[in-house]
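Novice: I'll drop the sequence and a predicted model, then ask my questions.
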Amino acid sequence: MNDSVLTTRGQVSVPASLRRAMGMRAGQSLHWEQVSAHEIRVSLPADKPPGPLAMLGHARRLRETPPRRTADWMRILREGE
């Protein structure tokens, strides 16, 4: 069993062995739930999937090298007619 001490500021340290076993990282949220008068359950919420802003900066890797000019795109579009 791993024990922790509650500080005067209401802080609790999670033992390093548990942090490693659960893959916890600094700044990660914890979900606290009171189970009974003398028991608390702490769980790790599932990570949220990345939002659309997570793709910012990745488009450059998908772009052709060198990027096509507008005139090139217009020529390609006209050839399809």
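Specialist: That came through fine. Treat the numbers as computed from the prediction; the structure is a model and nothing was measured. Numbering: from 1, shown residues only.

Novice: Need the contact partners of whichever helix in the chain runs longest.
Specialist: Identified as the longest helix of the chain according to DSSP state H is helix 70-79. By CB atoms under 8 Å, 6 or more residues apart in numbering, the surrounding residues in contact with helix 70-79 are R68. C-beta here means a position set from N, CA and C on the backbone, and glycine is covered the same way.

Novice: before we move on, what about stretch 11-29?
Specialist: Against stretch 11-29 from outside (CB under 8 Å, 6+ apart): 2-6, 44-45.

Novice: can you tell me the average pLDDT over the longest helix of the chain?
Specialist: For helix 70-79, the mean per-residue pLDDT is 91.

Novice: helices and strands of this protein: which one has the lowest mean pLDDT?
Specialist: Ranked by mean pLDDT, DSSP states H and E, the weakest helix or strand in the chain is helix 59-62, scoring a mean of 72.

Novice: Using PDB, list the CA coordinates for that helix.
Specialist: Listed next in PDB are the C-alpha coordinates belonging to helix 59-62 (Å, rounded to 0.1, in the frame of the first residue of the first chain):
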ATOM      1  CA  ALA A  59      -0.100  21.200 -43.400                       C
ATOM      2  CA  ARG A  60       3.400  22.400 -44.400                       C
ATOM      3  CA  ARG A  61       4.500  18.700 -44.300                       C
ATOM      4  CA  LEU A  62       1.700  17.700 -46.600                       C
END
